[in-house]
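Enquirer: after the sequence you'll find the predicted model.
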Amino acid sequence: MGCGEGRGLCRCETRVQGSGSKQCGSPGFLCSQLGAMLPDRSPVVQALLGTLFTWGLTAAGAALVFVFSGGQKRILDGSLGFAAGVMLAASYWSLLAPAIEMAEESGKYGVFAFFPVAVGFALGAAFVYFADLMMPFLDCFESCSHHRLRSGVLK
């Protein structure tokens with residue numbers, strides 16, 4: 001069964017640079033069948049199953065805190081390093097690489113197609129850095145914890 005045939009939906013994207021129009025399924029196009037993992041299920045059920053699967057994996061990862069004692073700093077450091085690597089890879093492959101590709105396809109930036117993406121990345125990093133610096137000066141955390149102390153939530 002080819003792409004677009006049967007019950008699935010077809011999505012074609014160009015993966016080569018150049019001019020000229022190409023048809024779905026021709027060389028240079030990535031044609032993927034959406035919903036091919038569970039084609040007999042509705043999209044709502046697929047979304048629910050995907051959500052439950054990722055929730056379960058997150059809960060299993062969080063449950064490791066009960067397995068490892070607090071004194072094993074090397075395991076914590078390794079886990080944090082692994083999580084940071086996963087998040088960096090996810091941000092690159094899901095956000096930065098498609099943005100660079102879109103900038104290249106627009107043709108406005110030439111060989112500097114990476115520049116708008118790099119500026120956006122740097123601005124986002126600067127925002128997070130300065131927000132981290134400003135946290136101690138914000139009064140909300142102090143007043144919120146004071147309110148919780150007075151109400152008996154924190155003892």
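Expert: Thanks, I have the structure now.

Enquirer: mind checking how far Met87 is from Ile100?
Expert: Using CB to CB, to the nearest Å, Met87 is found at 19 Å from Ile100. Any C-beta I mention is one placed from the backbone N, CA and C, and that applies to glycine too.

Enquirer: actually, Tyr129.
Expert: 23 Å.

Enquirer: and those two? Which one has more around it.
Expert: Ile100 (18 against 10; other CB atoms under 10 Å).

Enquirer: give me the contact list for the helix or strand encompassing Asp77.
Expert: Here Asp77 sits within helix 73-91, counting by DSSP states H and E. Applying CB atoms under 8 Å, 6 or more residues apart in numbering, the external contacts of helix 73-91 come out as Leu64, Phe68.

Enquirer: how about 7 Å then?
Expert: Phe68 (CB atoms under 7 Å, 6 or more residues apart in numbering).

Enquirer: so for it, what gets flagged as buried?
Expert: Buried residues in helix 73-91, counted by 16 or more other CB atoms under 10 Å: none are found.

Enquirer: next, the angle from the host helix or strand of Leu123 to helix 73-91.
Expert: Using DSSP H and E, Leu123 sits in helix 115-134. Orientation of helix 115-134 against helix 73-91 (axes from the mean of the first three to the mean of the last three CA atoms, to 10 degrees) gives an angle of 140 degrees.

Enquirer: CA atoms only for helix 115-134, dumped as PDB, please.
Expert: Only the C-alpha atoms of helix 115-134 are listed here, as PDB (Å, rounded to 0.1, in the frame of the first residue of the first chain):
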ATOM      1  CA  PHE A 115      21.600  34.000  11.700                       C
ATOM      2  CA  PRO A 116      17.900  34.700  12.600                       C
ATOM      3  CA  VAL A 117      17.800  31.300  14.400                       C
ATOM      4  CA  ALA A 118      21.000  32.100  16.300                       C
ATOM      5  CA  VAL A 119      19.700  35.500  17.300                       C
ATOM      6  CA  GLY A 120      16.400  34.000  18.600                       C
ATOM      7  CA  PHE A 121      18.400  31.300  20.500                       C
ATOM      8  CA  ALA A 122      20.700  33.900  22.100                       C
ATOM      9  CA  LEU A 123      17.700  36.100  23.100                       C
ATOM     10  CA  GLY A 124      16.000  33.100  24.700                       C
ATOM     11  CA  ALA A 125      19.100  32.100  26.600                       C
ATOM     12  CA  ALA A 126      19.600  35.700  27.700                       C
ATOM     13  CA  PHE A 127      15.900  35.800  28.900                       C
ATOM     14  CA  VAL A 128      16.300  32.700  31.000                       C
ATOM     15  CA  TYR A 129      19.700  33.900  32.400                       C
ATOM     16  CA  PHE A 130      18.300  37.300  33.500                       C
ATOM     17  CA  ALA A 131      15.100  35.800  34.800                       C
ATOM     18  CA  ASP A 132      17.200  33.500  37.000                       C
ATOM     19  CA  LEU A 133      19.200  36.500  38.200                       C
ATOM     20  CA  MET A 134      15.900  38.400  39.000                       C
END
